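> Predicted model follows, preceded by the sequence.
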Amino acid sequence: MNWQDHFAQRVDNIKPSTIREILKLTRQPNMISFAGGLPAPSLFPSQRIKESTDRVLAKQADKALQYGTTEGYLPLREWIAKRSNHKAENVQIVSGSQQGLDLVAKIFLNKNDKVVVASPTYMGALRAFDVYEVDYLSVECDDDGMLPESLEQALKQNPKIVYVIPNFDNPSGTTMSLERRQALVDLARKYNIPIIEDNPYGDLRFRGEYLPNLLELAAERVIYSSTFSKIMAPGFRLAWLIAPAEVLLPINMAKQASDLHTSSFTQMIVHELTKDDFMTEQITKVRAYYKIQNEAMLAALDKYFPTEIAWTRPEGGMFLWLTLPTQLDATALIKEAVAKKVAYVPGEAFFANKSAKNTLRLSYSIASLEQIDSGIKSLAEVFKGSLAKAS
Ligand SMILES: Cc1ncc(COP(=O)(O)O)c(C=O)c1O
């Protein structure tokens with residue numbers, strides 16, 4: 001049977017993730033990986049999870065192992081709502097932010113609708129939107145986020161939605177300044193466009209001042225997404241959306257059609273973990289860890305990298321973004337880097353439209369401090385060698 005002939009047309013839009021291909025390379029022995037976006041396993045609170053699981057099973061097994069409601073476990077929704085100053089009725093639990101993106105796309109996006117995205121942006125969001133056969137309007141960015149002029153150009157073209165990661169962006173590591181947040185909200189109001197605010201890294205701030213979320217600035221038009229993946233464990237597949245009730249209604253129905261509900265068991269375990277202020281303790285630990293990792297990578301870049309190469313200086317999160325001189329091609333150079341036992345993600349994959357091949361993403365989440373130093377040194381050799389050849 002030739003299955004291809006039987007697939008729906010939209011399957012043509014589903015592309016393999018380049019990151020997965022690169023991650024395969026990183027599985028070689030002795031590879032230093034700056035490629036994946038995996039949270040550090042040393043931060044998973046396994047013992048505490050075990051205790052919470054035991055408590056849930058001892059006290060509430062009937063409920064935890066039963067079907068639950070599509071909107072999610074109420075005490076967990078209440079905890080999330082309180083933390084973000086909203087009502088539980090505006091909180092929808094989802095099985096990972098990735099599912100949230102898919103559900104939002106499902107209820108908003110028709111074929112050939114335009115979606116406004118940053119250039120570069122999160123590849124997983126592009127892949128989620130691709131399925132709905134959309135077109136992209138890419139907005140130019142600097143270290144403070146989307147440039148208002150470029151954003152307005154995009155908004156004038158009647159897009160359906162804007163997708164943005166204001167805090168410690170994946171892939172660029174940049175944070176949208178307060179002025180730019182305000183400008184985005186003002187423009188979205190002017191052109192009457194909804195915003196998807198993806199905020200998986202917001203709690204991972206290790207430098208600078210807290211900035212208000214877009215949700216705080218424009219609750220009437222923001223669909224906010226966050227997750228337990230980066231502060232607790234991605235294996236839980238547990239995240240949430242905060243949105244106006246009119247939006248959550250169709251999202252809830254779409255989720256029902258997709259998976260009925262997110263695991264009751266997992267939600268109850270995580271709710272146990274929110275007790276006794278454990279979440280604050282955990283977030284403090286996670287932040288302190290990424291701060292050290294980030295500082296080690298910045299120090300190594302300052303020490304080994306030539307001045308022709310620029311990089312971002314994130315205030316939180318797990319990633320930083322490198323811009324090489326335009327004559328260098330990070331996609332072509334990945335082979336040389338891997339031969340030197342270092343992996344990164346070429347930036348090309350993060351662009352919806354025109355790619356900048358001279359860019360790449362580095363993650364400092366899982367490498368040891370020694371590996372960060374030696375890996376950055378090796379990468380510097382690769383890029384310096386290529387620069388010397390190009391000149
Ligand atoms: C910007 C962004 N959005 C969403 C996700 C998906 O997160 P989750 O584990 O909650 O599905 C990620 C994961 O890396 C991400 O970087």
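Looks like it came in fine.

> those helices in the chain, which residues are they?
18-26, 46-64, 74-83, 97-108, 123-130, 148-155, 178-191, 214-217, 245-259, 264-273, 278-304, 330-339, 369-390 (DSSP state H).

> quick one, which of those helices is nearest to the ligand?
helix 97-108 (3.4 Å; Cβ to the nearest ligand atom). All C-beta atoms are positioned from the backbone trio N, CA, C, and that covers glycine.

> Number of residues surrounding residue 134?
When neighbours are defined as other Cβ atoms under 10 Å, residue 134 has 23 of them.

> My error: substitute residue 35 in the last question.
Neighbour count of residue 35, defined by other Cβ under 10 Å: 25.

> wait, it sits on residue 343?
Yes: using Cβ atoms under 8 Å, residue 35 is in contact with residue 343, at 4.2 Å.

> picking that back up, turn the helices of the chain into CSV, including mean pLDDT.
Formatted as CSV, the helices of the chain follow (pLDDT from 0 to 100):
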stretch, mean pLDDT
helix 18-26, 70
helix 46-64, 98
helix 74-83, 98
helix 97-108, 98
helix 123-130, 95
helix 148-155, 98
helix 178-191, 98
helix 214-217, 98
helix 245-259, 98
helix 264-273, 98
helix 278-304, 98
helix 330-339, 94
helix 369-390, 96
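
> Can I get the ones you listed in TSV including distance to residue 201 and mean neighbour count?
Putting these into TSV (distance: least, Cβ to Cβ, whole Å; neighbours: other Cβ atoms under 10 Å) gives the following:
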stretch	distance to residue 201	mean neighbour count
helix 18-26	17	15
helix 46-64	21	14
helix 74-83	16	18
helix 97-108	11	23
helix 123-130	13	21
helix 148-155	21	18
helix 178-191	16	18
helix 214-217	14	21
helix 245-259	23	16
helix 264-273	18	22
helix 278-304	9	17
helix 330-339	23	17
helix 369-390	19	17
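
> Distance to the ligand for those helices - can I get that in TSV?
Below are the helices of the chain laid out as TSV (distance: least, Cβ to the nearest ligand atom, whole Å):
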stretch	distance to the ligand
helix 18-26	10
helix 46-64	16
helix 74-83	13
helix 97-108	3
helix 123-130	5
helix 148-155	19
helix 178-191	17
helix 214-217	14
helix 245-259	13
helix 264-273	13
helix 278-304	14
helix 330-339	19
helix 369-390	20
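
> For residue 385, give me its contacts.
Contacts for residue 385 (Cβ atoms under 8 Å, 6 or more residues apart in numbering) come out as residue 336.

> next one: residue 323
By Cβ under 8 Å, 6+ apart, the residues touching residue 323 are 309, 310, 311, 356, 358, 359.

> ranking those by neighbours, who comes first?
Compared across the contacts of residue 323, residue 359 has the highest neighbour count, 23 neighbours, by other Cβ under 10 Å.

> I'd like the distance between it and the ligand.
Remark: distance between residue 359 and the ligand (Cβ to the nearest ligand atom, to the nearest Å) = 17 Å.

> does that residue have beta-bridge partners, and which?
residue 323 (DSSP bridges).

> didn't it look like it was pressed against residue 330?
Yes: using Cβ under 8 Å, residue 359 makes contact with residue 330 at a distance of 6.1 Å.

> hang on, residue 156 packs against residue 191?
Yes: with contact defined as Cβ under 8 Å, residue 156 reaches residue 191; the gap is 7.2 Å.

> Give me the distance between residue 377 and residue 107.
Counting by Cβ to Cβ, to the nearest Å, the gap from residue 377 to residue 107 is 48 Å.

> who touches both of residue 359 and residue 330?
By Cβ under 8 Å, 6+ apart, residue 359 and residue 330 have these common neighbours: 322, 324, 346, 347, 348.

> for those residues, which one is nearest residue 29?
Nearest to residue 29, judged by Cβ to Cβ, of the shared contacts of residue 359 and residue 330 is residue 346 at 22.6 Å.

> ok, the closest one to the ligand distance?
Residue 346 is 17 Å from the ligand, by Cβ to the nearest ligand atom.

> Please list all residues in contact with the closest residue in space to residue 380 that isn't next to it in sequence.
Spatially, and ignoring its direct neighbours in sequence, residue 380 is nearest to residue 304 (3.8 Å; Cβ to Cβ, 6 or more residues apart in numbering). By Cβ under 8 Å, 6+ apart, the contact list for residue 304 reads 376, 377, 379, 380.

> Setting aside sequence neighbours, what's the nearest residue to residue 147?
The shortest distance from residue 147 to any non-neighbouring residue, by Cβ to Cβ, 6+ apart, is to residue 140 (4.9 Å).
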